[in-house]
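Enquirer: Curious how this folds, go ahead:
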Amino acid sequence: SYAEQPEPRGIAEAFIIGESFIGTDPVCLVLGDNIFYGQGLTEMLVEVASGGPGATIFGYYVNDPERYGVVEFDSEGRVLSIEEKPRAPKSNYAVVGLYFYDNDVVRVAKGIPPSARGELEITDVNTAYLRKKGLRVRLLGRGFAWLDTGTAGSLADAAMFIKAVEDRQGLKIACIEEIAFRKGFITVEELQDIAASMGNSDYGKYLSRIAHEFRERINVIPGMIGYRTDEN
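Expert: From the prediction side, this is the model:
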């Protein structure tokens, strides 16, 4: 399901629009034009999601930090400052479009005033958590790719990156049906039915291959659900 933001009133308004969906739970916000890729990302996100009160943002090392929101932090990952496109950056770590918050974020979002451009800024939400010493940062290291697809050029770059990895490995990135199967949400029979519904397409062939390889490795009982695995 989806909730509409009728006018561009800032990223932080998502918490107000989604208040009933969030309920009493903590919440993760991901910007729709950001792509993250890397070994161990899932495990990191699961760990952060169970991290207790406060907020967690993510930092990515960039060569031109003056173009981004920049985070300064201590040796224990506590955020010391956040600056938006600073002339003299205090670190090379840009804040990416991935944020984890406790349930207090709804109240925080309601309490921040609109910026000069009339929007509720996500930076102001993070600053509010910083003031009460509740903001942490996790770093995405060299093995991670962070792609911002907000422009035509960056979208093309992301497409080429994904294509290069998939062509070399023969494995799909973020294949929803494969993920559902490997997590045990659908059976091998359901996976094959989905593959068959896609005809002779490359995507359908890929799903068929996943199901076939599973049957080759395991003597499957009819109706058996998918198996859990640490494979990406």
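Enquirer: where does the chain dip in pLDDT?
Expert: Applying pLDDT under 70 to the chain flags residues 219-232.
Enquirer: longest strand of it?
Expert: Secondary structure of the chain per DSSP state E: the longest strand is strand 93-101.
Enquirer: What lies in contact with that one?
Expert: The contact list for strand 93-101 (C-beta atoms under 8 Å, 6 or more residues apart in numbering) reads 15, 26-31, 33-34, 36, 48-49, 51, 55-62, 65, 67-71, 73, 82, 108, 122, 125-126, 129, 137, 139-140, 146, 148. Backbone N, C-alpha and C define where each C-beta goes, glycine included.
Enquirer: can you pull the buried residues of stretch 169-185?
Expert: For stretch 169-185, the neighbour count (16 or more other C-beta atoms under 10 Å) marks Lys172, Cys175, Glu177, Glu178, Phe181, Arg182 as buried.
Enquirer: And stretch 71-81, by the same measure?
Expert: The neighbour-count check on stretch 71-81 (16+ other C-beta under 10 Å) flags Val71, Glu72, Phe73, Val79 as buried.
Enquirer: quick one: which two of those residues are the most distant?
Expert: The widest separation within the buried residues of stretch 71-81, taken as C-beta to C-beta, falls between Glu72 and Val79 and amounts to 7.2 Å.
Enquirer: picking up where we left off before, mind giving me the ChimeraX select for the contacts of strand 93-101, buried ones only?
Expert: Under the burial definition 16+ other C-beta under 10 Å, those of those that qualify are selected in ChimeraX by:
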select :15,26,27,29,31,36,48,55,56,57,58,59,60,62,65,68,69,70,71,73,82,108,122,125,126,129,137,140,146,148
